[in-house]
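>>> Here is a sequence together with a model predicted from it:
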Amino acid sequence: MAAPLLSVDDIYCGYDGVPVIHGISLEVYPGELVAIVGTNGAGKTSIMKTIAGLITPEKGSVSFKGEVITGLPAHQTVRRGISYVPEGRRLFPKLSVRENLELGAYISRDRKEIDVRLDQVFDLFPILKSRADQVAETMSGGEQQMLAIARGIMSKPELLMLDEMSLGLMPSLVEKMMETIQIVHEAGITVLLVEQMVQDALEVAHRGYVVQTGRVVLSGTSDELLQSDDVRKAYMGM
């Protein structure tokens, strides 16, 4: 079996001395779409920030492509091939779609390479091509979320980490967002998805980890988790 692309091994972390993550371990293999699911406040975003280099764990380690990256600053994890799209989009609202996308490729100094990546993103998301000169803040919530994902792709990541992409979207747009994530994955990008819309996330993922109060309480294939009585009662109202 292939080696994991990402390994998180028994990490503990917190904020201002308050523990948030208590010994979490997980793996993502090349080509997978893996979901970390659970309610708001379960610690999902803290896991993502630790992987991305925005939080240094007190214990445990993070490895990427077999190399320990624990504690590396965020700009170094991007250079190694990890792109983190945080919740809340974090776009540059006054800049155009094209300008936002180009900022996603900031680690490249090659204009031709940036243009190639723009073309690839526009092929994936034709609506962004048609809106290339539109100011980001004038787009709908769903379109802004798509732009945030596309900007994450511009650094040419081997692992794309998406944090709560459904946040603030109407239910009718959540399904569309999940379709967008599938399009990205089908383009050959390994995806780690954090989501509180548990059923929606598990329906597109290969495997999942259920997180409660900073601990992994269940893991397995998406089918196993979707059929779990515990998951159905706690997160799907069944």
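Sure thing, it's come through. Because the structure is predicted, anything quoted here is derived from the model rather than measured. Numbering: from 1, shown residues only.

>>> mind checking how far stretch 30-40 is from the chain centre?
Here stretch 30-40 is found 8 Å from its chain centre; the criterion is C-alpha atoms, centre = their mean, to the nearest Å.

>>> residues of it that come out buried?
For stretch 30-40, the neighbour count (16 or more other C-beta atoms under 10 Å) marks E32, L33, V34, A35, I36, V37, G38 as buried. The way it works is simple: take the backbone N, C-alpha and C, and place the C-beta from them, glycine included.

>>> Alpha carbons only: can I get that stretch in CSV?
Provided in CSV are the C-alpha atoms of stretch 30-40 (Å, rounded to 0.1, in the frame of the first residue of the first chain):
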residue,chain,number,x,y,z
PRO,A,30,-2.5,10.3,-2.2
GLY,A,31,-5.6,10.7,-4.3
GLU,A,32,-8.1,10.5,-1.4
LEU,A,33,-10.9,12.9,-0.4
VAL,A,34,-11.0,12.6,3.4
ALA,A,35,-13.5,14.4,5.6
ILE,A,36,-13.1,15.5,9.3
VAL,A,37,-16.6,16.0,10.5
GLY,A,38,-18.3,17.1,13.8
THR,A,39,-20.2,19.9,15.4
ASN,A,40,-19.0,23.5,15.6
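
>>> Show the average pLDDT along it.
Averaged across stretch 30-40, pLDDT comes to 93.

>>> same check, this time on stretch 170-188
For stretch 170-188, mean pLDDT rounds to 87.

>>> circling back to that earlier point, I'd like the buried residues of stretch 30-40 written out as a markdown table, with secondary structure added.
Putting those into a markdown table (DSSP: H, G, I helix; E, B strand; the rest coil) gives the following:
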| residue | secondary structure |
| --- | --- |
| E32 | coil |
| L33 | strand |
| V34 | strand |
| A35 | strand |
| I36 | strand |
| V37 | strand |
| G38 | coil |
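
>>> From these, pick the one nearest V198.
Distances from V198 to the buried residues of stretch 30-40, taken as C-beta to C-beta, are shortest for V37 (4.5 Å).
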